[in-house]
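Trainee: fold the following.
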Amino acid sequence: MLRETIRALAETKIAPFAAAVDEESRFPQEALDALVASDLHAVHVPEEYGGAGADALATVIVIEEVARACASSSLIPAVNKLGSLPVILSGSEELKAKYLGPLAKGDAMFSYALSEPDAGSDAAGMKTKAVRDGDFWVLNGVKRWITNAGVSEYYTVMAVTDPAKRSKGISAFVVEKSDEGVSFGAPEKKLGIKGSPTREVYLDNVRIPADRMIGEEGTGFATAMKTLDHTRITIAAQALGIAQGALDYAKGYVQERKQFGKPIADFQGIQFMLADMAMKLEAARQLTYAAAAKSERVDGDLTFFGAAAKCFASDVAMEVTTDAVQLLGGYGYTRDYPVERMMRDAKITQIYEGTNQVQRIVMARNLP
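Mentor: Residues are numbered from 1 along each chain as shown. Reported below is the predicted structural model:
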């Protein structure tokens, strides 16, 4: 029922704007409005904070179905979870009450600020600092590749509070867009997901109350990694949706397109391509759903499964969308058809929330 609901919403309220959102590189406001109106923008927020209380699998299904129509729009529910999960996992009751309520109501979005210009895969090498000053912390630094930056009201920011301790000297904070000293760089000019703004976040003597720290001092990096164990599954879900959208479109196209007097779907070479696309997509889906169940139960092998789902599903999405472009031939290469957008959108799923090379390192270190 959830899938039917979100698919109907995505097809009527989100898909019609997907091409324009990509072409104009503009935030998908129509999608945000539709998702908020249906209470599907942040379904993961627990009920006690005014949220829908959806489990990890339900959240995956929402993201998957939105991504099938528009990958940029699927980053609304996905990044709302990414940004707020540190608060849910490690934040005080006061912090949860203060920030999860507005998120659940749709009054604010939440972003996640971990990466920096010189700290990507090596996130522990970050330079952003937070210095204690009485009842306040003062933050200085630059965060890069921040999804939905400038649109989101709230940011989970990781900063160094004790440089001598490397990863154990990193703490997490909630920073608000309206805090004095917060500003944003120009939107990045990207290959895909053009409707989701990616910008640098500048922190220039940003002074925030000490109670905005998420968890204990020095636990920020551990919280960040624990968060990614859960949220990599949402990137797998996004990859599934993009791939499914491309497969659905290609399947319809080959039944209409005629060459040599018959639909190209009648040719065995085409049938084998579609069979492989569908088979791999279904394998990715089963792995992703299994990982989502583990996320909900917080199983001991979650780290492996989260990395495996993200890595496998994103590789499949890239392969399926590339094959979809091939199946449309010359038309697939033009912007008049949606599969080239899907192929461009799929690429980022192999990169963000940890490159697929990093996922393989994570898997190797956590073999079940």
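
Trainee: tell me the pLDDT of the residue sitting furthest away from the middle of the chain.
Mentor: In the chain, counting by C-alpha atoms, centre = their mean, Gly261 sits farthest out from the average C-alpha position, at 44.1 Å. The confidence metric pLDDT takes the value 98 at Gly261.

Trainee: equivalent analysis for Pro368, please.
Mentor: Predicted confidence (pLDDT) for Pro368: 87.

Trainee: ok, now Leu89?
Mentor: Reading off the confidence values, Leu89 has pLDDT 98.

Trainee: buried set for stretch 300-307?
Mentor: Using 16 or more other C-beta atoms under 10 Å as the test for burial, stretch 300-307 gives Leu302, Thr303, Phe304, Phe305, Gly306, Ala307. C-beta here means a position set from N, CA and C on the backbone, and glycine is covered the same way.

Trainee: next up, the contacts around Glu11.
Mentor: By C-beta atoms under 8 Å, 6 or more residues apart in numbering, the contact list for Glu11 reads Ala69.

Trainee: which helix or which strand is home to Trp137?
Mentor: Under the criterion DSSP states H and E, the helix or strand holding Trp137 is strand 136-147.

Trainee: hmm, back to that, identify the farthest-apart pair in the buried residues of stretch 300-307.
Mentor: Farthest-apart pair in the buried residues of stretch 300-307 is Leu302 and Ala307; separation 9.4 Å (C-beta to C-beta).

Trainee: can you list contacts of stretch 200-207?
Mentor: Counting by C-beta under 8 Å, 6+ apart, stretch 200-207 makes contact with 113, 117, 128, 133, 136-144, 146, 149, 155, 157, 159, 175, 179-185, all of which sit outside it.

Trainee: chain center to stretch 311-331, what's the gap?
Mentor: When distances are taken as C-alpha atoms, centre = their mean, to the nearest Å, stretch 311-331 is centred 20 Å away from the chain's centroid.

Trainee: swap in stretch 271-283?
Mentor: Taking C-alpha atoms, centre = their mean, the mean C-alpha location of stretch 271-283 is offset from the chain mean by 25 Å.

Trainee: and it, what's buried?
Mentor: For stretch 271-283, by 16+ other C-beta under 10 Å, it's Met273, Leu274, Met277, Lys280, Leu281.

Trainee: take the residues you listed and write them to CSV, including secondary structure.
Mentor: As requested, the buried residues of stretch 271-283 are arranged in CSV below (DSSP: H, G, I helix; E, B strand; the rest coil):
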residue, secondary structure
Met273, helix
Leu274, helix
Met277, helix
Lys280, helix
Leu281, helix
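
Trainee: which pair of those residues spans the longest distance?
Mentor: With distances taken as C-beta to C-beta, the most widely separated pair in the buried residues of stretch 271-283 is Met273 and Leu281, at 12.5 Å.

Trainee: please name the spatially closest residue to the residue nearest to the spatial centre of the chain (chain neighbours excluded).
Mentor: The geometric centre of the chain, computed from its C-alpha atoms, lies nearest to Ala78 (C-alpha atoms, centre = their mean), at 4.3 Å. Counting by C-beta to C-beta, 6 or more residues apart in numbering, the nearest residue to Ala78 once its immediate chain neighbours are dropped is Thr234, at 4.4 Å.

Trainee: any idea how far the one you found lies from Asp162?
Mentor: With the distance defined as C-beta to C-beta, to the nearest Å, Thr234 ends up 31 Å from Asp162.

Trainee: phi, psi of Val316?
Mentor: phi -60, psi -40 (degrees, to the nearest 10).

Trainee: need the strands for the chain, in chain order.
Mentor: Applying DSSP state E to the chain gives strands spanning 110-113, 129-133, 136-147, 154-160, 170-176, 182-184, 198-209, 213-214, 258-259, 262-263.

Trainee: closest to Val66 out of the ones you listed?
Mentor: When the strands of the chain are compared by C-beta to C-beta, strand 136-147 sits nearest Val66, at 14.7 Å.
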